[in-house]
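*Asks:* My questions are about this predicted structure, shown below with the sequence.
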Amino acid sequence: MSERDDFASTLHEPELPVSVDDDVMDDDDRLRPRFVREVLDAVADGDDEAARGLVAELHPADIADLIELAPADERADLITALAGIVDADVYAELNEHVREDMIDEMEPQQVADLAAQLDTDDAVAIIEDLDAEDQLEVLRAMEPDDRAAVEEALTYPEETAGRLMQRDLIAVPEHWKVGQVIDYLRSGDDLADDFWEVFVVSPNHHPVGTCKLSTILRSARSKPVSEIMARKQTLIPVDLDQEEVALKFQKYALISAAVVDGSGRLVGMITVDDIVHIIQEEAGEDVLLLSGAGDGDINEPIATTVRTRLTWLVINLGTAMLAASVVGLFQGEIAKFALLAVLMPIVSGMGGNAGTQTLAVVVRALATNQLTDSNTMRMIARELTIALSNGVALGLLIGIGTAILFDNPLLGAVIGAAMVINNLIAGLAGILVPVTLDRARIDPAVSSAVFVTMATDVMGFFSFLGLAAVTGLAG
């Protein structure tokens with residue numbers, strides 16, 4: 001075997017899912033209900049060996065799914081029955097709410113042993129949600145090196161690169177030759193197992209470049225690292241928000257990236273497998289926040305979900321009362337011409353739908369850095385053009401339809417004009433509200449929908465009923 005082949009064979013290969021029977025997984029890679037029931041029945045019957053045999057070939061992510069699919073009161077028995085199979089990798093894949101329930105039932109030493117088997121970022125994810133007292137007990141039970149790494153990570157704010165990064169990485173000086181790097185990788189028993197590139201650092205441990213493993217393997221041993229390394233690299237500040245980290249990985253097609261502290265020293269690395277989870281979380285989070293549904297996790301405690309949703313429903317109730325007060329200003333007109341009460345929800349409802357469309361586009365553009373200070377005015381002009389076009393089209397449709405249906409051209413003209421006005425308000429609110437909140441450092445996904453809905457309801461009622469009063473339609 002050649003030297004390069006020998007080196008390649010020593011690299012740690014990522015664990016791949018094992019092919020399982022069609023009776024276990026459906027076409028969408030979901031565990032079949034019958035299989036889940038079969039495993040749970042085996043556990044209930046005390047046949048732990050049968051249960052372990054059923055899940056032995058499953059990937060850790062699928063075992064995590066199995067635990068999540070089990071009823072809450074059966075999960076502890078399931079984990080006990082699968083002793084030796086439910087390992088640290090399975091806990092790393094568990095839903096955070098389910099994992100938190102499982103961790104709460106463990107002794108501090110058990111949690112410490114579990115964390116020791118994980119990368120720093122996964123260990124931090126398990127420990128950070130513990131109560132302060134439990135957290136301290138677990139840290140005390142950990143080995144000094146592991147404890148130091150986790151304690152350092154916990155000093156960084158949540159959802160930042162410091163919490164996300166791994167401490168285990170490969171860094172070499174730029175004056176080394178390729179042969180020295182290969183020998184170092186072979187001789188270091190305590191080096192990282194999973195890596196795709198070697199970071200090149202200066203004497204003060206500042207990253208100055210990177211070398212892909214493929215480049216190292218294809219270069220002569222006598223070649224200096226400084227000649228084969230890529231000097232241009234994307235560095236991640238340790239306090240950068242995880243959403244911004246994900247955007248950098250997406251924009252520059254990164255596999256891994258160096259994390260640096262305030263002085264520019266290399267302190268860790270982030271890999272793309274962690275970023276995939278972040279992109280999924282952030283995308284789902286914005287959609288749920290827009291609806292006021294909170295975390296949106298089906299494993300979230302019911303009391304927490306009720307509290308979150310009720311908060312926004314109460315706020316929406318307040319905005320609805322404001323819209324109702326506008327209607328109250330025109331109760332005389334409504335009493336004289338009852339058709340106004342029949343038609344006014346159409347104006348406000350269509351405005352609300354238009355505002356939601358604009359809001360969704362703008363929040364996404366802000367989240368992906370497509371909308372910046374440089375193009376905000378252009379975006380406003382674009383959305384107003386769209387709103388005017390849609391408003392005119394809808395206004396003509398509802399105006400002509402109303403005029404024909406109720407044999408009242410003036411009523412058709414009033415509702416058509418109100419539709420145009422409210423669509424313009426919807427477009428303007430749909431972009432100005434999230435942009436303003438973003439400039440104020442408030443997450444626009446959290447509270448934009450409430451203000452946009454209020455604007456379209458209030459202005460929808462006011463424009464329609466106000467035009468009816470001005471034109472003497474109800475006279």
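*Replies:* Received, thanks. Numbers count the residues shown, from 1 in each chain.

*Asks:* Next one: residue 263, what pLDDT does it get?
*Replies:* pLDDT recorded at residue 263 is 94.

*Asks:* What are the contacting residues of stretch 246-257?
*Replies:* Contacts with stretch 246-257, where a contact means Cβ atoms under 8 Å, 6 or more residues apart in numbering, come from 195-197, 233-236, 269-272, 275, 278-279, 282, 368-369. Using the backbone N, CA and C atoms, a C-beta is placed for each residue, glycine as well.

*Asks:* Now with 6 Å, please.
*Replies:* Contact with stretch 246-257 is made by 196, 197, 234, 236, 269, 270, 271, 272, 275, 278, 279, 369, as judged by Cβ atoms under 6 Å, 6 or more residues apart in numbering.

*Asks:* The residues you listed into JSON lines, with extra columns for pLDDT?
*Replies:* Putting the contacts of stretch 246-257 into JSON lines (pLDDT from 0 to 100) gives the following:
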{"residue": "196", "pLDDT": "86"}
{"residue": "197", "pLDDT": "92"}
{"residue": "234", "pLDDT": "94"}
{"residue": "236", "pLDDT": "96"}
{"residue": "269", "pLDDT": "93"}
{"residue": "270", "pLDDT": "92"}
{"residue": "271", "pLDDT": "89"}
{"residue": "272", "pLDDT": "89"}
{"residue": "275", "pLDDT": "87"}
{"residue": "278", "pLDDT": "79"}
{"residue": "279", "pLDDT": "73"}
{"residue": "369", "pLDDT": "76"}
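
*Asks:* In PyMOL, select just the buried ones from the residues you listed.
*Replies:* Filtering the contacts of stretch 246-257 down to the buried ones (16 or more other Cβ atoms under 10 Å) takes a single PyMOL command:
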select buried, resi 196+197+236+269+270+271+272+275+278+279
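
*Asks:* Just to be sure, which of the contacts of stretch 246-257 are found in helices?
*Replies:* Residues of these located in helices (DSSP state H): 272, 275, 278, 279.

*Asks:* if you average pLDDT over stretch 327-334, what comes out?
*Replies:* 86.

*Asks:* Would you mark the buried spots in that stretch?
*Replies:* 327, 330, 333, 334.

*Asks:* Mind putting these into TSV with distance to residue 425?
*Replies:* Output for the buried residues of stretch 327-334, formatted as TSV (distance: Cβ to Cβ, whole Å):
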residue	distance to residue 425
327	17
330	18
333	21
334	21
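
*Asks:* Surely residue 198 touches residue 173?
*Replies:* No - counting by Cβ atoms under 6 Å, residue 198 stays clear of residue 173, with 11.0 Å between them.

*Asks:* So those two - more neighbours on which side?
*Replies:* With neighbours defined as other Cβ atoms under 10 Å, residue 198 and residue 173 compare such that residue 198 has more, 23 against 15.

*Asks:* lowest-confidence helix or strand of the chain?
*Replies:* Ranking every helix and strand in the chain by mean pLDDT, DSSP states H and E puts helix 3-10 at the bottom, with a mean of 41.

*Asks:* now do the same end-to-end measure for stretch 101-114.
*Replies:* Its start and end residues considered, stretch 101-114 measures 15 Å (Cα to Cα, to the nearest Å).

*Asks:* Please identify the buried residues of that stretch?
*Replies:* For stretch 101-114, burial by neighbour count (16+ other Cβ under 10 Å) applies to 101, 102, 103, 106, 108, 111, 112, 113, 114.

*Asks:* Give me the subset of those residues that lies in helices.
*Replies:* Checked against DSSP H, the buried residues of stretch 101-114 include these in helices: 101, 102, 103, 108, 111, 112, 113, 114.

*Asks:* confidence score at the third one?
*Replies:* Confidence at residue 103, expressed as pLDDT, is 86.

*Asks:* Would you enumerate the residues in contact with it?
*Replies:* residue 111.

*Asks:* Adding distance to residue 318, write the ones in helices among the buried residues of stretch 101-114 out as JSON lines.
*Replies:* Shown next, in JSON lines, are those (distance: Cβ to Cβ, whole Å):
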{"residue": "101", "distance to residue 318": "35"}
{"residue": "102", "distance to residue 318": "40"}
{"residue": "103", "distance to residue 318": "39"}
{"residue": "108", "distance to residue 318": "46"}
{"residue": "111", "distance to residue 318": "44"}
{"residue": "112", "distance to residue 318": "48"}
{"residue": "113", "distance to residue 318": "51"}
{"residue": "114", "distance to residue 318": "46"}
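
*Asks:* Nearest residue to residue 448 in space, please, no chain neighbours.
*Replies:* residue 434 (4.5 Å; Cβ to Cβ, 6 or more residues apart in numbering).

*Asks:* do the same with residue 403
*Replies:* residue 412 (3.0 Å).

*Asks:* what mean pLDDT does the one helix or strand the one you found maps to have?
*Replies:* Secondary structure assignment for residue 412, by DSSP states H and E: helix 409-439. The average of the pLDDT scores along helix 409-439 is 93.

*Asks:* Which positions in that helix come out as buried?
*Replies:* 411-435, 437-438.

*Asks:* who does whichever helix or strand comes after that helix touch, helix- and strand-wise?
*Replies:* Counting by DSSP H and E, the next helix or strand C-terminal to helix 409-439 is helix 444-470. Judged by 3 or more Cβ pairs under 6 Å, 6 or more residues apart in numbering; DSSP states H and E, helix 444-470 is in contact with helix 272-291, helix 302-328, helix 339-367, helix 409-439.

*Asks:* what phi and what psi does the backbone show at residue 223?
*Replies:* Note on residue 223: backbone dihedrals following degrees, to the nearest 10 are phi -70, psi 130.

*Asks:* hang on, I meant residue 199
*Replies:* For residue 199, the backbone dihedrals (degrees, to the nearest 10) come out as phi -90, psi 140.

*Asks:* And for residue 228?
*Replies:* phi -110, psi -10.

*Asks:* From residue 206, how far off is it?
*Replies:* As judged by Cβ to Cβ, to the nearest Å, residue 228 and residue 206 stand 19 Å apart.

*Asks:* next one: residue 309
*Replies:* Relative to residue 206, and taking Cβ to Cβ, residue 309 is found at 48 Å.

*Asks:* What of residue 88?
*Replies:* If you measure residue 88 against residue 206 using Cβ to Cβ, the figure is 33 Å.

*Asks:* Residue 251 now?
*Replies:* From residue 251 across to residue 206, the span is 23 Å (Cβ to Cβ).

*Asks:* Looking at those two, which is more packed in?
*Replies:* Neighbours were counted for residue 251 and for residue 206 using other Cβ under 10 Å; residue 206 has more, 14 against 11.

*Asks:* In stretch 25-37, which residues are buried?
*Replies:* Neighbour counts using 16+ other Cβ under 10 Å place 25, 31, 35, 36 of stretch 25-37 among the buried residues.

*Asks:* ditto for stretch 454-473
*Replies:* 454-469, 473.

*Asks:* so which pair among the buried residues of stretch 327-334 is furthest apart in space?
*Replies:* Farthest pair in these (Cβ to Cβ) is 327 and 333. Separation: 10.1 Å.

*Asks:* What is the nearest of the buried residues of stretch 101-114 to residue 315?
*Replies:* For the buried residues of stretch 101-114, the nearest to residue 315 is residue 101 (30.4 Å; Cβ to Cβ).

*Asks:* what's the distance between that closest one and residue 90?
*Replies:* Residue 101 is 14 Å from residue 90, by Cβ to Cβ.

*Asks:* What lies in contact with stretch 336-347?
*Replies:* 334, 415, 418, 419, 422, 460, 461, 464, 468, 474.
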